[in-house]
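Participant: Sharing a sequence plus its predicted fold:
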Amino acid sequence: MSGGLFALLDDVAMLARLAAASVDDIGAAAGKATAKAAGVVIDDTAVTPQYVHGIAAERELPIIKRIAIGSLRNKIVFILPAALLLSQFVPWLLTPILMLGATYLCYEGAEKVWGMIRGHEKHGAPAAASGADAEKFMVTGAIRTDFILSAEIMVIALNEVADQPFLPRLLILLVVAVVITAAVYGVVAGIVKMDDIGLSMTQRSSPFAHKIGHGLVAGMPKLLSALSVIGTVAMLWVGGHILLVGTDTLGWHLPYGLVHHAEEYVHHVGGVGAVLAWLVNTAASAVIGLVVGLIVVAVMHVLPIGRKDKH
(Lines give C-alpha, C1' and ligand atoms only; values in the text may rest on other atoms or scores of the structure.)
Protein backbone atom coordinates (compact mmCIF):
# COMPACT_ATOMS: atom_id res chain seq x y z
CA MET A 1 0.00 0.00 0.00
CA SER A 2 2.74 2.41 1.05
CA GLY A 3 4.72 1.45 -2.07
CA GLY A 4 1.77 2.37 -4.26
CA LEU A 5 1.38 5.69 -2.43
CA PHE A 6 5.07 6.54 -2.90
CA ALA A 7 4.84 5.59 -6.58
CA LEU A 8 1.83 7.88 -6.92
CA LEU A 9 3.72 10.71 -5.19
CA ASP A 10 6.66 10.15 -7.55
CA ASP A 11 4.32 10.38 -10.54
CA VAL A 12 2.78 13.59 -9.16
CA ALA A 13 6.24 15.08 -8.59
CA MET A 14 7.30 14.12 -12.11
CA LEU A 15 4.16 15.73 -13.57
CA ALA A 16 4.81 18.84 -11.49
CA ARG A 17 8.37 19.05 -12.84
CA LEU A 18 7.08 18.60 -16.40
CA ALA A 19 4.47 21.29 -15.83
CA ALA A 20 7.10 23.67 -14.42
CA ALA A 21 9.36 22.99 -17.40
CA SER A 22 6.43 23.63 -19.75
CA VAL A 23 5.70 26.92 -17.98
CA ASP A 24 9.35 27.91 -18.31
CA ASP A 25 9.31 26.99 -21.99
CA ILE A 26 6.12 28.94 -22.59
CA GLY A 27 7.54 31.95 -20.74
CA ALA A 28 10.78 31.83 -22.73
CA ALA A 29 8.92 31.45 -26.03
CA ALA A 30 6.53 34.27 -25.12
CA GLY A 31 9.48 36.50 -24.27
CA LYS A 32 11.14 35.71 -27.60
CA ALA A 33 7.93 36.34 -29.54
CA THR A 34 7.32 39.61 -27.68
CA ALA A 35 10.87 40.79 -28.41
CA LYS A 36 10.43 39.95 -32.09
CA ALA A 37 7.33 42.18 -32.23
CA ALA A 38 9.04 45.01 -30.31
CA GLY A 39 9.19 47.34 -33.33
CA VAL A 40 5.43 47.28 -33.82
CA VAL A 41 4.91 47.57 -30.05
CA ILE A 42 6.92 50.80 -30.06
CA ASP A 43 4.80 52.07 -32.94
CA ASP A 44 1.62 51.18 -31.04
CA THR A 45 2.91 53.09 -28.02
CA ALA A 46 3.67 56.13 -30.18
CA VAL A 47 0.32 56.07 -31.98
CA THR A 48 -1.99 55.85 -28.96
CA PRO A 49 -1.22 59.10 -27.03
CA GLN A 50 -2.51 61.23 -29.91
CA TYR A 51 -6.03 60.03 -29.12
CA VAL A 52 -5.97 61.66 -25.68
CA HIS A 53 -4.04 64.77 -26.71
CA GLY A 54 -6.05 67.81 -25.61
CA ILE A 55 -8.53 65.77 -23.53
CA ALA A 56 -9.53 66.91 -20.04
CA ALA A 57 -7.11 65.45 -17.48
CA GLU A 58 -9.80 63.58 -15.53
CA ARG A 59 -10.88 61.70 -18.68
CA GLU A 60 -7.40 60.63 -19.86
CA LEU A 61 -7.03 57.45 -17.78
CA PRO A 62 -10.65 56.28 -18.32
CA ILE A 63 -10.19 56.68 -22.09
CA ILE A 64 -6.86 54.82 -22.03
CA LYS A 65 -8.50 52.07 -19.96
CA ARG A 66 -11.30 51.72 -22.53
CA ILE A 67 -8.79 51.60 -25.39
CA ALA A 68 -6.67 49.03 -23.51
CA ILE A 69 -9.71 46.80 -22.92
CA GLY A 70 -10.63 47.15 -26.60
CA SER A 71 -7.06 46.29 -27.58
CA LEU A 72 -7.04 43.15 -25.43
CA ARG A 73 -10.42 42.17 -26.88
CA ASN A 74 -9.02 42.71 -30.37
CA LYS A 75 -6.13 40.37 -29.67
CA ILE A 76 -7.86 37.59 -27.72
CA VAL A 77 -11.41 37.50 -29.10
CA PHE A 78 -10.84 38.33 -32.77
CA ILE A 79 -7.21 38.21 -33.91
CA LEU A 80 -5.88 35.20 -31.98
CA PRO A 81 -8.61 32.70 -32.96
CA ALA A 82 -8.60 33.93 -36.56
CA ALA A 83 -4.80 33.78 -36.82
CA LEU A 84 -4.65 30.27 -35.34
CA LEU A 85 -7.40 28.98 -37.62
CA LEU A 86 -5.95 30.62 -40.72
CA SER A 87 -2.43 29.41 -39.94
CA GLN A 88 -3.79 25.90 -39.38
CA PHE A 89 -5.99 25.60 -42.48
CA VAL A 90 -5.31 28.44 -44.98
CA PRO A 91 -1.95 29.99 -44.03
CA TRP A 92 -1.63 31.64 -47.47
CA LEU A 93 -4.58 33.91 -46.60
CA LEU A 94 -2.79 35.61 -43.66
CA THR A 95 -0.63 37.81 -45.88
CA PRO A 96 -3.45 39.28 -48.05
CA ILE A 97 -5.55 39.99 -44.95
CA LEU A 98 -2.62 41.72 -43.25
CA MET A 99 -2.02 43.76 -46.41
CA LEU A 100 -5.65 44.93 -46.44
CA GLY A 101 -5.25 46.05 -42.84
CA ALA A 102 -1.95 47.73 -43.70
CA THR A 103 -3.66 49.67 -46.50
CA TYR A 104 -6.16 51.00 -43.99
CA LEU A 105 -3.29 51.97 -41.67
CA CYS A 106 -1.62 53.84 -44.56
CA TYR A 107 -4.91 55.60 -45.25
CA GLU A 108 -5.19 56.71 -41.61
CA GLY A 109 -1.65 58.10 -41.60
CA ALA A 110 -1.92 59.74 -45.03
CA GLU A 111 -5.24 61.34 -44.11
CA LYS A 112 -3.56 63.03 -41.15
CA VAL A 113 -0.73 64.23 -43.41
CA TRP A 114 -3.30 65.49 -45.92
CA GLY A 115 -5.09 67.32 -43.12
CA MET A 116 -1.83 68.98 -42.03
CA ILE A 117 -1.12 70.07 -45.62
CA ARG A 118 -4.58 71.55 -46.01
CA GLY A 119 -4.42 73.18 -42.60
CA HIS A 120 -7.37 71.47 -40.94
CA GLU A 121 -6.11 68.22 -39.52
CA LYS A 122 -8.71 65.97 -37.90
CA HIS A 123 -8.27 65.69 -34.14
CA GLY A 124 -10.15 62.46 -33.61
CA ALA A 125 -13.77 63.55 -33.08
CA PRO A 126 -16.27 65.38 -35.23
CA ALA A 127 -16.62 69.09 -34.58
CA ALA A 128 -20.30 68.70 -33.75
CA ALA A 129 -19.70 65.97 -31.20
CA SER A 130 -19.06 66.64 -27.56
CA GLY A 131 -18.84 64.82 -24.25
CA ALA A 132 -19.76 61.14 -24.41
CA ASP A 133 -20.24 61.19 -28.19
CA ALA A 134 -16.79 62.65 -28.82
CA GLU A 135 -15.20 60.22 -26.38
CA LYS A 136 -16.95 57.24 -27.98
CA PHE A 137 -15.82 58.38 -31.44
CA MET A 138 -12.24 58.77 -30.23
CA VAL A 139 -12.13 55.41 -28.46
CA THR A 140 -13.64 53.66 -31.49
CA GLY A 141 -11.03 55.22 -33.80
CA ALA A 142 -8.20 54.26 -31.48
CA ILE A 143 -9.40 50.65 -31.14
CA ARG A 144 -9.84 50.42 -34.92
CA THR A 145 -6.26 51.57 -35.51
CA ASP A 146 -5.03 49.33 -32.70
CA PHE A 147 -6.64 46.35 -34.44
CA ILE A 148 -4.21 46.60 -37.36
CA LEU A 149 -1.16 47.04 -35.13
CA SER A 150 -2.33 44.23 -32.85
CA ALA A 151 -2.84 41.94 -35.83
CA GLU A 152 0.73 42.58 -36.97
CA ILE A 153 2.04 41.96 -33.44
CA MET A 154 0.14 38.69 -33.08
CA VAL A 155 1.10 37.41 -36.53
CA ILE A 156 4.79 38.18 -35.86
CA ALA A 157 4.50 36.33 -32.56
CA LEU A 158 2.67 33.45 -34.27
CA ASN A 159 5.44 33.09 -36.83
CA GLU A 160 7.96 32.79 -33.99
CA VAL A 161 6.11 29.87 -32.37
CA ALA A 162 4.70 28.19 -35.50
CA ASP A 163 6.65 25.00 -34.73
CA GLN A 164 4.99 24.58 -31.32
CA PRO A 165 2.04 22.19 -30.77
CA PHE A 166 -1.38 23.85 -30.79
CA LEU A 167 -1.96 24.18 -27.02
CA PRO A 168 1.48 25.63 -26.12
CA ARG A 169 1.17 27.95 -29.15
CA LEU A 170 -2.20 29.17 -27.86
CA LEU A 171 -0.87 29.73 -24.32
CA ILE A 172 2.21 31.56 -25.60
CA LEU A 173 0.12 33.90 -27.74
CA LEU A 174 -2.25 34.58 -24.83
CA VAL A 175 0.74 35.56 -22.70
CA VAL A 176 2.06 37.79 -25.49
CA ALA A 177 -1.36 39.47 -25.89
CA VAL A 178 -1.69 40.26 -22.18
CA VAL A 179 1.93 41.33 -21.63
CA ILE A 180 2.10 43.58 -24.69
CA THR A 181 -1.26 45.23 -23.97
CA ALA A 182 -0.30 45.89 -20.35
CA ALA A 183 3.11 47.25 -21.37
CA VAL A 184 1.84 49.52 -24.16
CA TYR A 185 -1.05 51.07 -22.26
CA GLY A 186 0.88 51.23 -19.00
CA VAL A 187 3.53 53.32 -20.74
CA VAL A 188 0.87 55.43 -22.48
CA ALA A 189 -0.87 56.09 -19.16
CA GLY A 190 2.45 57.13 -17.63
CA ILE A 191 3.18 59.49 -20.51
CA VAL A 192 -0.17 61.28 -20.49
CA LYS A 193 -0.20 61.68 -16.68
CA MET A 194 3.38 62.91 -16.45
CA ASP A 195 2.26 66.54 -16.52
CA ASP A 196 0.00 65.90 -13.49
CA ILE A 197 2.97 64.36 -11.70
CA GLY A 198 4.99 67.46 -12.61
CA LEU A 199 2.25 69.73 -11.25
CA SER A 200 2.27 67.79 -7.99
CA MET A 201 6.06 68.14 -7.76
CA THR A 202 5.87 71.93 -8.19
CA GLN A 203 3.91 72.09 -4.94
CA ARG A 204 6.66 70.46 -2.91
CA SER A 205 9.14 72.38 -0.83
CA SER A 206 12.24 70.82 -2.39
CA PRO A 207 13.87 73.17 -4.96
CA PHE A 208 15.01 70.17 -6.99
CA ALA A 209 11.49 68.66 -7.11
CA HIS A 210 10.10 72.12 -7.92
CA LYS A 211 12.48 72.49 -10.86
CA ILE A 212 11.78 68.98 -12.20
CA GLY A 213 8.04 69.57 -11.83
CA HIS A 214 8.15 72.79 -13.84
CA GLY A 215 10.19 71.00 -16.50
CA LEU A 216 7.61 68.22 -16.77
CA VAL A 217 4.68 70.65 -16.91
CA ALA A 218 6.37 72.68 -19.64
CA GLY A 219 7.72 69.72 -21.59
CA MET A 220 4.85 67.23 -21.66
CA PRO A 221 2.59 69.16 -24.10
CA LYS A 222 5.56 69.32 -26.50
CA LEU A 223 6.21 65.60 -26.01
CA LEU A 224 2.57 64.73 -26.69
CA SER A 225 2.60 66.88 -29.83
CA ALA A 226 5.80 65.16 -30.95
CA LEU A 227 4.28 61.74 -30.24
CA SER A 228 1.28 62.68 -32.38
CA VAL A 229 3.65 63.28 -35.31
CA ILE A 230 5.64 60.13 -34.49
CA GLY A 231 2.39 58.17 -34.32
CA THR A 232 1.40 59.36 -37.78
CA VAL A 233 4.80 58.39 -39.18
CA ALA A 234 4.52 55.04 -37.37
CA MET A 235 1.21 54.30 -39.11
CA LEU A 236 2.83 54.94 -42.49
CA TRP A 237 5.97 53.02 -41.57
CA VAL A 238 4.21 49.92 -40.23
CA GLY A 239 1.59 49.92 -43.00
CA GLY A 240 4.22 50.41 -45.69
CA HIS A 241 6.46 47.71 -44.24
CA ILE A 242 3.61 45.17 -44.16
CA LEU A 243 2.86 45.97 -47.82
CA LEU A 244 6.56 45.78 -48.75
CA VAL A 245 7.03 42.35 -47.16
CA GLY A 246 3.60 41.17 -48.32
CA THR A 247 4.25 41.91 -51.99
CA ASP A 248 7.50 39.96 -51.76
CA THR A 249 5.73 37.03 -50.09
CA LEU A 250 3.06 37.03 -52.81
CA GLY A 251 5.67 36.92 -55.59
CA TRP A 252 6.33 40.55 -56.59
CA HIS A 253 9.96 40.78 -55.48
CA LEU A 254 11.05 44.07 -57.09
CA PRO A 255 10.07 46.60 -54.34
CA TYR A 256 11.49 44.50 -51.51
CA GLY A 257 14.58 43.66 -53.58
CA LEU A 258 15.33 47.35 -54.23
CA VAL A 259 15.00 48.21 -50.55
CA HIS A 260 17.07 45.19 -49.55
CA HIS A 261 19.86 46.18 -51.97
CA ALA A 262 19.83 49.71 -50.57
CA GLU A 263 20.12 48.28 -47.05
CA GLU A 264 23.07 46.11 -48.07
CA TYR A 265 24.76 49.11 -49.71
CA VAL A 266 24.85 51.09 -46.44
CA HIS A 267 25.20 48.15 -44.07
CA HIS A 268 28.97 48.02 -44.49
CA VAL A 269 29.53 51.61 -43.36
CA GLY A 270 31.80 51.31 -40.35
CA GLY A 271 30.18 51.64 -36.94
CA VAL A 272 26.77 52.90 -38.11
CA GLY A 273 25.95 50.45 -40.91
CA ALA A 274 23.21 48.62 -39.02
CA VAL A 275 21.56 51.90 -38.03
CA LEU A 276 21.73 53.24 -41.58
CA ALA A 277 20.26 50.00 -42.94
CA TRP A 278 17.37 50.28 -40.48
CA LEU A 279 16.81 53.91 -41.44
CA VAL A 280 16.78 53.00 -45.15
CA ASN A 281 14.17 50.30 -44.57
CA THR A 282 12.10 52.56 -42.32
CA ALA A 283 12.20 55.50 -44.73
CA ALA A 284 11.33 53.32 -47.72
CA SER A 285 8.44 51.73 -45.83
CA ALA A 286 7.12 55.14 -44.75
CA VAL A 287 7.29 56.48 -48.32
CA ILE A 288 5.46 53.41 -49.63
CA GLY A 289 2.87 53.83 -46.88
CA LEU A 290 2.41 57.52 -47.70
CA VAL A 291 2.03 56.90 -51.45
CA VAL A 292 -0.47 54.08 -50.95
CA GLY A 293 -2.31 56.05 -48.28
CA LEU A 294 -2.59 59.18 -50.42
CA ILE A 295 -3.99 57.11 -53.29
CA VAL A 296 -6.70 55.79 -50.94
CA VAL A 297 -7.32 59.30 -49.59
CA ALA A 298 -7.75 60.51 -53.18
CA VAL A 299 -10.30 57.78 -53.84
CA MET A 300 -12.17 58.46 -50.61
CA HIS A 301 -12.10 62.26 -50.52
CA VAL A 302 -10.95 63.80 -53.79
CA LEU A 303 -12.26 61.73 -56.67
CA PRO A 304 -16.02 62.01 -57.34
CA ILE A 305 -16.65 58.35 -56.47
CA GLY A 306 -15.36 58.97 -52.95
CA ARG A 307 -17.21 62.19 -52.17
CA LYS A 308 -20.03 61.96 -49.69
CA ASP A 309 -21.53 65.21 -50.94
CA LYS A 310 -21.89 63.96 -54.49
CA HIS A 311 -25.35 64.62 -55.93
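Facilitator: Done, it's in.
Participant: So what touches the host helix or strand of A83?
Facilitator: Using DSSP states H and E, A83 sits in helix 80-89. Outside helix 80-89, the residues that touch it by Cβ atoms under 8 Å, 6 or more residues apart in numbering are 93-94, 97, 151, 154-155, 158, 162, 166, 169-170, 173-174, 177. The C-beta positions use only the backbone N, C-alpha and C, and glycine is treated the same way.
Participant: quick check, nearest of those to I191?
Facilitator: For those, the closest approach to I191 (Cβ to Cβ) belongs to A177, at 21.6 Å.
Participant: Just the element for the closest one, please.
Facilitator: Using DSSP H and E, A177 sits within helix 166-192.
Participant: pLDDT averaged over that helix, what's the number?
Facilitator: If you average the pLDDT over helix 166-192, you get 85.
Participant: which other helices and strands contact it?
Facilitator: helix 2-36, helix 38-47, helix 57-73, helix 80-89, helix 131-160, helix 207-249 (3 or more Cβ pairs under 8 Å, 6 or more residues apart in numbering; DSSP states H and E).
Participant: Tell me the gap between the longest one and the middle of its chain.
Facilitator: Pointing back at helix 207-249 there. 12 Å (Cα atoms, centre = their mean, to the nearest Å).
Participant: pLDDT below threshold where in this protein?
Facilitator: Across the chain, the ranges flagged by pLDDT under 70 are 1-48, 50-54, 120-131, 302-311.
Participant: rerun at 90
Facilitator: For the chain, applying pLDDT under 90 flags the ranges 1-63, 82-102, 104-105, 108-109, 111-235, 237-239, 242, 264-278, 298-311.
Participant: Now do the buried residues in the helix holding A177.
Facilitator: Across helix 166-192, burial judged by 16 or more other Cβ atoms under 10 Å covers 169-173, 175-177, 180-181, 184-185, 187-189, 191-192.
Participant: Check stretch 73-84 too.
Facilitator: If you call a residue buried by 16+ other Cβ under 10 Å, then stretch 73-84 has these buried ones: 73-76, 79-80, 83-84.
Participant: what does stretch 98-107 give?
Facilitator: 98-99, 101-107.
Participant: Make a markdown table from those and add distance to L243 to it.
Facilitator: Below are the buried residues of stretch 98-107 laid out as a markdown table (distance: Cβ to Cβ, whole Å):
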| residue | distance to L243 |
| --- | --- |
| L98 | 9 |
| M99 | 6 |
| G101 | 10 |
| A102 | 5 |
| T103 | 7 |
| Y104 | 11 |
| L105 | 9 |
| C106 | 7 |
| Y107 | 12 |
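Participant: dump the residue contacts of L98.
Facilitator: L98 touches 151-152, 155, 242, 246, counting by Cβ under 8 Å, 6+ apart.
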